[in-house]
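>>> I would like the atomic coordinates for the input below:
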Amino acid sequence: ILIKKNSKQFFFKLPKNLFIYKKDDSFVLEVKSVEHLPMLTTVKNNLNLLLASKLNLKKKLNLVGLGFKVIRSNFYLKFKLGYSHIIRVEIPKEIIRFSGNKKRVRMESADKIKLGNFLQKIFHLRSYDCYKGKGFSFFNKIKKLKQFKKK
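Numbers count the residues shown, from 1 in each chain. Predicted coordinates:
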């Protein structure tokens, strides 16, 4: 199989017991018999890992709160998160692109694990407050606020 995506090419050899064909806008993998069904899931997982590792992944974080800011300086991110000091975090070399303004952080990397670990590190600097809605939250994740205790 030759996979072309964003001017990149990937080669993947299928076992003889599997067939691939195009149906509408997607590709379908099928096996000859039920005995080869575990092989199908293995090949699907390998294809997903191949595509995910070779293509750039994008993640976004939002920072909500009065006075909270993100500032980029060379190879570091500086965070003003309401503490008495500024927090400085080094950007890993695996992160290809970094963009954002004072309230949004958007990163792109070919390494899924390094990107996820770095974003979790940032996320735990000021995790989301479920009562006030302040802190970091992942983009497109809707979080419901809890009610305060009623008197």
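>>> CA only for contacts and neighbour counts going forward, please
OK.
>>> tell me where this protein is predicted with low confidence.
Low-confidence segments of the chain, defined by pLDDT under 70: 1-8, 10, 12, 47-55, 139-142.
>>> which residues in it form helices?
For the chain, the helices defined by DSSP state H cover 37-54, 112-123.
>>> flag every buried residue along the shortest one.
Residues of helix 112-123 classed as buried under the neighbour-count rule (16 or more other C-alpha atoms under 10 Å) are 112, 115, 118, 119, 122, 123.
>>> what sits against residue 86?
Listed by C-alpha atoms under 8 Å, 6 or more residues apart in numbering, the contact partners of residue 86 are 78, 79, 80.
>>> one more time with 10 Å
69, 78, 79, 80 (C-alpha atoms under 10 Å, 6 or more residues apart in numbering).
>>> with distance to residue 88 as new columns, can those be given to me in TSV?
Output for those, formatted as TSV (distance: C-alpha to C-alpha, whole Å):
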residue	distance to residue 88
69	12
78	5
79	6
80	9
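>>> from the residues you listed, which is closest to residue 145?
residue 69 (22.0 Å; C-alpha to C-alpha).
>>> so what's the closest one bridging to?
Going by DSSP bridges, residue 69 is paired in beta bridges with residue 80.
>>> farthest-separated two in the contacts of residue 86?
Spatially, the most separated pair among the contacts of residue 86 is 69 and 78, at 8.2 Å (C-alpha to C-alpha).
>>> which one's more surrounded, the two?
residue 69 (18 against 15; other C-alpha atoms under 10 Å).
>>> just the strands in this structure please.
Secondary structure of the chain by DSSP state E: the strands cover 2-5, 8-11, 18-23, 26-31, 57-64, 69-73, 76-80, 87-90, 95-100, 104-109, 135-138.
>>> the helices of the chain: which one's closest to residue 30?
helix 37-54 (7.3 Å).
>>> for the residue most central in space within the chain, what are its contacts?
Closest residue to the average C-alpha location of the chain: residue 59 at 4.4 Å, with C-alpha atoms, centre = their mean. Each residue near residue 59 by C-alpha under 10 Å, 6+ apart is listed here: 105, 106, 107, 108, 109, 112, 115, 116, 119, 138, 139.
>>> could the helices of the chain be laid out in TSV, adding distance to residue 64?
Shown next, in TSV, are the helices of the chain (distance: least, C-alpha to C-alpha, whole Å):
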stretch	distance to residue 64
helix 37-54	30
helix 112-123	12
